[in-house]
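# Give me coordinates for this.
(one chain, ligands or ions: 2)
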Amino acid sequence: MKTPIIAPSILASDFANLQKEIEMLNRSEADWIHVDVMDGVFVPNISFGLPVTEAVKRYAEKPLDVHLMIVQPERYLEAFRDAGAATITVHYEACTHLHRTVQHIRALGCKAGVALNPHTPVTLLEDILEDLDLVLLMSVNPGFGGQKFIERTYEKINRLADMRYTLNNKLLIEIDGGVNAANAGKLVEHGADALVAGNFVFSAPSPEEVIASLKHLPIR
Ligand code: DX5
Ligand code: ZN
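Ligands and ions are numbered 1, 2, ... in the order given. Below you'll find the predicted structure:
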């Protein structure tokens, strides 16, 4: 089985000790640091925004994978690039002119991702897939960490993997929400390249060990 990219979500970290949490991620086998930005409008929760992203960047030795759960994300692309984002992922459901937004992200020198809510079919990305670096499939409804994984996600990965075979074989598939030891292997088998994990990592006594266990999944 291929080795997945592991992207721990700092949404589940101890914000009062953010520097320590980032230093732990630097030491760990995490590949990216997943940054969940929520505006209280697109999703029913507010997390943090630009100043916290900048603070994370000050200590992070790994690329910031910024997931914008905000309306009109096109207004903030340059600001998140300046705050240190390596990848910027916007929601399909939040973009009226998705093609323009994706071009803008790339013109800023970032990798461009599009996220889909659980109800949004992957086929809607057919005419933009070739312009993307990454598709993030939400495997919970966005807004909160610690929710139950939606089983339907496997089927969506299958279909997206078929689409990328013909349309963009460099596309990365990232899964976000409810990822844990019980589903990680199956997600990778279905075609996931990157796994986001929040609570599963940060609620463990040894987050570093949990990250290593996701990175080196047992061969099935
Ligand atoms: C949910 C966020 C996720 C979340 C994942 O809206 O996009 O990144 O933090 O957390 P867990 O792994 O706890 O579901
Ligand atoms: Zn996320």
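
# Report all helices and strands that whatever helix or strand residue 67 lives in contacts.
Secondary-structure assignment from DSSP states H and E places residue 67 in strand 64-69. Counting contacts by 3 or more Cβ pairs under 8 Å, 6 or more residues apart in numbering; DSSP states H and E, strand 64-69 packs against strand 33-38, helix 50-59, strand 85-91, strand 111-116, strand 194-197. Just so you know, the C-beta spots here come from the backbone N, C-alpha and C atoms, and that holds for glycine as well.

# of all the residues in the protein, which ones are close to ligand 1?
Proximity of the chain to ligand 1, by Cβ under 6 Å from any ligand atom, involves residues 9, 11-12, 34, 36, 67, 140, 142-143, 145-147, 176-179, 196-200.

# again, 8 Å this time
The interface of the chain toward ligand 1, taken as Cβ under 8 Å from any ligand atom, is made up of 9, 11-12, 34, 36, 38, 43, 45, 67, 69, 115, 138-147, 149, 176-180, 196-201.

# Would you mind checking the residues you listed for buried ones?
When burial is judged by neighbour count using 16 or more other Cβ atoms under 10 Å, the buried members of the residues of the chain next to ligand 1 are 9, 11-12, 34, 36, 38, 43, 67, 69, 115, 138-140, 142-145, 149, 176-179, 196-201.

# from the protein, which residue is nearest to ligand 1?
Residue nearest to ligand 1 within the chain: residue 198 (2.7 Å; Cβ to the nearest ligand atom).

# Show me which positions of the lengthiest helix in the chain end up buried.
When every helix of the chain is counted residue by residue (DSSP state H), the longest turns out to be helix 153-167. Buried residues in helix 153-167, counting neighbours by 16+ other Cβ under 10 Å, are found at 153, 154, 156, 157, 160, 161, 163, 164, 167.

# what does stretch 15-26 give?
Using 16+ other Cβ under 10 Å as the burial criterion, the residues of stretch 15-26 that qualify are 18, 21, 22, 24, 25.

# Which one of the residues you listed is nearest to residue 125?
Of all these, residue 125 sits closest to residue 25, with 29.7 Å by Cβ to Cβ.

# Quick one: residues contacting the residue in the chain that ligand 2 sits nearest to.
Residue of the chain nearest ligand 2, by Cβ to the ion: residue 67 (3.7 Å). Under the criterion of Cβ atoms under 8 Å, 6 or more residues apart in numbering, the contact partners of residue 67 comprise 34, 35, 36, 37, 89, 113, 115, 136, 176, 196.

# and if we set it to 7 Å?
Under the criterion of Cβ atoms under 7 Å, 6 or more residues apart in numbering, the neighbours of residue 67 are 34, 35, 36, 37, 89, 115, 136, 176.

# What's opposite it in the beta bridge?
On the basis of DSSP bridges, residue 67 is bridged to residue 36, residue 89.

# what's around residue 107, how many residues?
Residue 107 sits with 12 neighbouring residues when counted by other Cβ atoms under 10 Å.

# any idea how far it is from residue 78?
From residue 107 across to residue 78, the span is 10 Å (Cβ to Cβ, to the nearest Å).

# Since that was my last question, I'll sign off now.
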